[in-house]
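Visitor: Output the structure for:
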Amino acid sequence: AGPAYAATFSWLTLVTIVQIGLLIAALPGLFARKMHGWNLIFYSRILSLVSLLLSGLIVNAIIGALVSFYILFQVRSLYEEKPAVASQDQIRTT
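Guide: Next up is the predicted model:
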């Protein structure tokens, strides 16, 4: 079973490891509602889409991309960088 298992380690396994790494790296940014975390999730979904297309799973890629990108862009406004609010001292000096 050992050689057969080693033979299945392919580029798809590497892509999956990178996707998991991106998701783990995105967690602190998502909890803090930072745009950087949202971007990492976006890159992970792009990588997933590309890997599904290269694997020949075109229908899965299209359906998965439509659902995941719809949800991702629905919550994007929660993660957009907001301009800093001027403090009272800055308002008085202007």
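Visitor: So, low pLDDT: which residues of this protein?
Guide: Applying pLDDT under 70 to the chain picks out residues 1-9, 82-94.
Visitor: Can you pull up the most central residue in it?
Guide: Most central in the chain under CA atoms, centre = their mean is residue 41, positioned 1.2 Å from the mean C-alpha point.
Visitor: Surely that one is in contact with residue 30?
Guide: Yes - using CB atoms under 8 Å, residue 41 makes contact with residue 30 at a distance of 7.1 Å. Glycine gets a C-beta too; all of them are placed from N, C-alpha and C.
Visitor: where exactly do the helices run in the chain?
Guide: In the chain, the helices defined using DSSP state H lie at 2-7, 11-31, 35-54, 58-74, 88-93.
Visitor: how about the second one: buried residues?
Guide: Residues 15, 19, 22, 26, 29, 30 are the ones in helix 11-31 that count as buried (16 or more other CB atoms under 10 Å).
Visitor: just to revisit the earlier point, what's the closest of the helices of the chain to residue 81?
Guide: Nearest to residue 81, of all these, is helix 35-54, at 5.2 Å by CB to CB.
Visitor: Contacts for the closest one, please.
Guide: For helix 35-54, contacts defined as CB atoms under 8 Å, 6 or more residues apart in numbering pick out 12, 15-16, 18-19, 22-23, 25-31, 58, 60-61, 64-65, 68-69, 72, 75-76, 79-81.
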